[in-house]
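Chemist: take a look and give me a structure for this.
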Amino acid sequence: MKRLLFFALSAVLLFSCKKTDEAAPSITWPSNTKFAVVEMGTNQDSNVSVSAPAKIESLELKLGLGEYVRLANRYIEDGSKNKGTKDNPATLDVIDDSKSAEFLRSLNMTSGVALRGRTISTLNLEAILNAIITGEPVDNNTSFTIDIILSDQAGKEVTKTAKFHFTSPPEIVWQDNQNNDLVDLNEYSKSKPGPSKVKISAPGKIKDLTVTLEYGADAALAKYVQNRVGNLTIDLINDSKAESEFGFPAKKVLEGKTDAVLDFAFIYGLIPDIAASTNVFTVKVVDANEKICSMQLKFKK
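Modeler: Numbers count the residues shown, from 1 in each chain. The predicted structure follows:
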């Protein structure tokens with residue numbers, strides 16, 4: 001009898017605990033259930049759901065922005081203790097700070113006193129970070145955190161930390177022609193080549209790299225490219241002819257690397273064969289984070 005009573009009491013206690021857990025506030029990230037670090041700019045779903053069956057009382061976002069903390073202060077009421085410093089994170093009071101609430105509403109998120117008393121809401125965390133740092137050059141390999149602090153009207157509180165990392169996107173620079181001006185081939189020759197070297201920087205590591213001769217180019221130049229790779233796009237990662245026929249770097253020198261140099265010197269050797277025309281090459285690099293950079297090189301005859 002005592003054993004039966006013990007099991008009955010245990011079942012009641014377990015049931016009670018379950019009910020209590022269901023009634024507690026919670027913060028979930030459906031697409032990132034373990035709150036793993038997210039690389040910014042990779043289209044990761046950054047919508048976090050907050051739930052409070054006992055109704056939302058307060059909701060705060062404590063922003064770990066490091067040296068960029070000052071950027072968040074413009075969205076916090078003047079004189080507020082929530083303003084950040086180099087030693088303390090900035091905090092967006094989603095409900096009771098009218099300036100923070102207005103900022104979040106501009107991003108189509110529910111905020112302000114209208115949120116108090118509700119049971120659910122959603123925050124797009126990367127959208128918040130992007131809006132804060134927009135227009136500000138951010139250093140490569142920068143990390144950010146957001147502590148989400150949710151309290152309900154029963155006095156219960158829950159906190160979750162979202163972590164973000166920023167890797168600079170690829171960059172392309174035409175050496176000796178950094179303004180990317182149109183190059184007049186009439187001023188050069190094979191023995192006296194003009195600007196030809198393009199430098200690629202990809203902190204996120206090169207995954208794909210192509211050079212495409214755009215339609216409308218000189219027929220002789222287009223034929224030169226097509227005869228060697230079968231079309232107007234030279235694939236430097238997947239086609240060995242990019243190296244053997246054009247003198248571009250080999251796949252092993254490019255794939256997974258952070259820097260590369262492409263030399264377009266071959267075009268100066270073709271000057272006698274090119275008729276009056278404007279020829280455009282599009283250089284496109286994609287890194288391992290799927291971040292893209294492209295630039296056009298223009299040669300006129």
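Chemist: for Thr210, grab phi and psi.
Modeler: In terms of degrees, to the nearest 10, the main-chain angles of Thr210 are phi -130, psi 150.
Chemist: just give me the neighbour total for it.
Modeler: Residues near Thr210, counting by other Cβ atoms under 10 Å, number 18. All C-beta spots, glycine's among them, are computed from the backbone N, C-alpha and C.
Chemist: looking at it now. What's its pLDDT?
Modeler: Thr210 is assigned a pLDDT of 98 by the prediction.
Chemist: how far away is it from Asp239?
Modeler: Note on Thr210: its distance to Asp239, by Cβ to Cβ, to the nearest Å, is 9 Å.
Chemist: in this structure, which residue is most central in space?
Modeler: Gly41 (1.3 Å; Cα atoms, centre = their mean).
Chemist: Ser151 reaches Val50, doesn't it?
Modeler: No - judged on Cβ atoms under 8 Å, Ser151 makes no contact with Val50 at a distance of 10.4 Å.
Chemist: please identify which of those two sits among more neighbours.
Modeler: Just comparing Ser151 and Val50: by other Cβ under 10 Å the higher neighbour count belongs to Val50, 24 against 18.
Chemist: in the sheet, who's paired with the more buried one?
Modeler: Ile27, Ser121 (DSSP bridges).
Chemist: and it, what pLDDT?
Modeler: For Val50, the predicted pLDDT is 98.
Chemist: wait, what's in contact with it?
Modeler: Shown in contact with Val50 (Cβ atoms under 8 Å, 6 or more residues apart in numbering): Pro25, Ser26, Ile27, Ile56, Leu59, Ile120, Ser121, Thr122, Leu123, Ile148, Leu150.
Chemist: buried subset of those residues as a ChimeraX selection?
Modeler: Paste this into ChimeraX to select the buried members of the contacts of Val50, with burial taken from 16 or more other Cβ atoms under 10 Å:
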select :25,26,27,56,59,121,123,148,150
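Chemist: just to revisit the earlier point, name the residues contacting each of Ser151 and Val50.
Modeler: Contacts common to Ser151 and Val50, judged by Cβ under 8 Å, 6+ apart, are Pro25, Ile56, Leu59.
Chemist: from these, which ones fall inside strands?
Modeler: Ile56, Leu59 (DSSP state E).
Chemist: can I get the shared contacts of Ser151 and Val50 in JSON lines with distance to Ile271 and pLDDT?
Modeler: Conversion of the shared contacts of Ser151 and Val50 to JSON lines gives the following (distance: Cβ to Cβ, whole Å; pLDDT from 0 to 100):
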{"residue": "Pro25", "distance to Ile271": "71", "pLDDT": "97"}
{"residue": "Ile56", "distance to Ile271": "70", "pLDDT": "98"}
{"residue": "Leu59", "distance to Ile271": "66", "pLDDT": "98"}
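Chemist: export the shared contacts of Ser151 and Val50 as TSV, with columns for distance to Lys300.
Modeler: Formatted as TSV, these follow (distance: Cβ to Cβ, whole Å):
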residue	distance to Lys300
Pro25	65
Ile56	63
Leu59	59
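Chemist: from what I see, His165 and Val38 are in contact.
Modeler: Yes - taking contacts as Cβ under 8 Å, His165 lies within contact range of Val38: 7.2 Å.
Chemist: what ranges does the stretch 101-250 of the chain have for its strands?
Modeler: 120-124, 142-152, 157-166, 171-174, 183-184, 197-201, 206-213, 233-235 (DSSP state E, counting those that start in this stretch).
Chemist: quick revisit: and the residue nearest to the residue nearest to the centre of the chain when sequence neighbours are not counted, backbone torsions?
Modeler: Counting by Cβ to Cβ, 6 or more residues apart in numbering, Gly41 lies nearest to Lys291, which is 5.8 Å off, once chain neighbours are set aside. Main-chain dihedrals, Lys291, degrees, to the nearest 10: phi -90, psi 140.
Chemist: just the pLDDT at the spatially closest residue to Lys55 that is not a sequence neighbour, thanks.
Modeler: Nearest residue to Lys55, sequence neighbours excluded (Cβ to Cβ, 6+ apart): Gln153, at 4.5 Å. Per-residue pLDDT puts Gln153 at 97.
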